[in-house]
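Visitor: coordinates only, sequence not included:
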């Protein structure tokens with residue numbers, strides 16, 4: 001009996017140690033996964049969606065927030081509390097260079113615009129199907145600009161929404177970026193700069209000319 005008792009005690013002690021270690025590593029993992037805080041939430045009341053931006057606040061020497069670093073983005077469907085993490089093509093360039101922007105919804109709420117990477121341009125989702133597309137990691141409409149004669153990827157930067165279906169962005173090399181407008185409805189890229197003739201738009205897998213007529 002004493003041997004059995006000692007055996008049981010030893011077994012219980014070993015089990016307790018294993019449970020403690022499991023809980024320790026689970027708590028460590030959870031802390032690592034949730035260390036980033038919510039920096040901003042952009043709502044789409046029309047479709048009951050919101051985009052949540054996670055990252056960290058960088059403090060100055062006086063412990064006052066100096067700027068924010070957005071590291072990741074979630075899409076949240078409030079109708080059923082589903083949350084999906086957005087997966088860009090090149091998350092590192094977005095995090096390291098401030099490539100994320102918070103003005104992601106079109107003025108009428110019909111479109112969701114997110115960056116793919118500094119050299120990869122943007123992806124446009126229909127708000128109606130954004131959750132389904134993002135869950136399947138589908139990129140329904142992508143847009144980037146390339147130089148016709150140079151293989152180097154161009155640096156893309158979101159500027160603003162021009163109207164309910166058009167957004168403005170810049171693309172180029174350091175100190176030489178041009179400004180472009182992308183009309184989502186007809187998938188057309190325009191620019192007021194004649195030098196845009198040296199570039200072409202890549203919409204999904206199609207190379208398209210850039211219209212350089214004057215635009216408002």
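Guide: Structure received. Just so we're clear, the structure is a prediction, and the values are computed from it rather than from any experiment.
Visitor: going forward, measure contacts and count neighbours with C-alpha atoms only.
Guide: Fine.
Visitor: Can you tell me what sits against the lengthiest strand in the chain?
Guide: Assignment by DSSP state E gives strand 65-77 as the longest strand of the chain. Strand 65-77 is contacted by residues 39, 48-60, 82-86, 91, 94-96, 98, 100, 131 when judged by C-alpha atoms under 8 Å, 6 or more residues apart in numbering.
Visitor: Please narrow those to those residing in strands.
Guide: 39, 49-59, 82-85.
Visitor: re earlier: what about burial for the contacts of strand 65-77, which qualify?
Guide: 49-57, 83-84, 86, 91, 94-95, 100, 131 (16 or more other C-alpha atoms under 10 Å).
Visitor: rewinding a little: can you name the two of the ones in strands among the contacts of strand 65-77 that are farthest apart?
Guide: 59 and 82 (32.4 Å; C-alpha to C-alpha).
Visitor: Residue 125 pairs with what?
Guide: residue 112 (DSSP bridges).
Visitor: ok, now which ones touch it?
Guide: Residues counted as contacts of residue 125 (C-alpha under 8 Å, 6+ apart) are 111, 112, 113, 133, 139, 140, 141.
Visitor: For residue 79, grab the count of nearby residues.
Guide: Neighbourhood size, residue 79 [other C-alpha atoms under 10 Å]: 9.
Visitor: any idea how far the closest residue to it other than its chain neighbours lies from residue 126?
Guide: Distances taken as C-alpha to C-alpha, 6 or more residues apart in numbering put residue 48 closest to residue 79, at 6.6 Å, once the chain neighbours are dropped. Look at residue 48 and residue 126: by C-alpha to C-alpha, to the nearest Å, they are 14 Å apart.
Visitor: ok, now residue 120?
Guide: 19 Å.
Visitor: Same drill for those two, tell me which one is more crowded.
Guide: residue 120 (21 against 16).
Visitor: Name the nearest residue to that one, sequence neighbours excluded.
Guide: Ranked by C-alpha to C-alpha, 6+ apart and with sequence neighbours excluded, the top spatial neighbour of residue 120 is residue 144, at 6.1 Å.
Visitor: next one: residue 91
Guide: Take residue 91 and drop its neighbours on the chain: the residue closest to it by C-alpha to C-alpha, 6+ apart is residue 117, 6.3 Å away.
Visitor: Check residue 188 too.
Guide: Of all residues not flanking residue 188 in the chain, residue 182 sits nearest, at 5.8 Å (C-alpha to C-alpha, 6+ apart).
Visitor: for residue 161, same thing?
Guide: In space, and not counting its chain neighbours, residue 161 is closest to residue 167: 4.1 Å by C-alpha to C-alpha, 6+ apart.
Visitor: name the helices or strands packed onto the strand or helix carrying that neighbour?
Guide: Element membership of residue 167, judged by DSSP states H and E, is strand 166-172. On a contact count with 3 or more C-alpha pairs under 8 Å, 6 or more residues apart in numbering; DSSP states H and E, strand 166-172 meets strand 155-161, strand 178-183.
Visitor: Kindly reformat these as CSV containing mean pLDDT, mean neighbour count and distance to residue 75.
Guide: Listed next are these as CSV, based on pLDDT from 0 to 100; neighbours: other C-alpha atoms under 10 Å; distance: least, C-alpha to C-alpha, whole Å:
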stretch, mean pLDDT, mean neighbour count, distance to residue 75
strand 155-161, 97, 20, 19
strand 178-183, 98, 20, 23
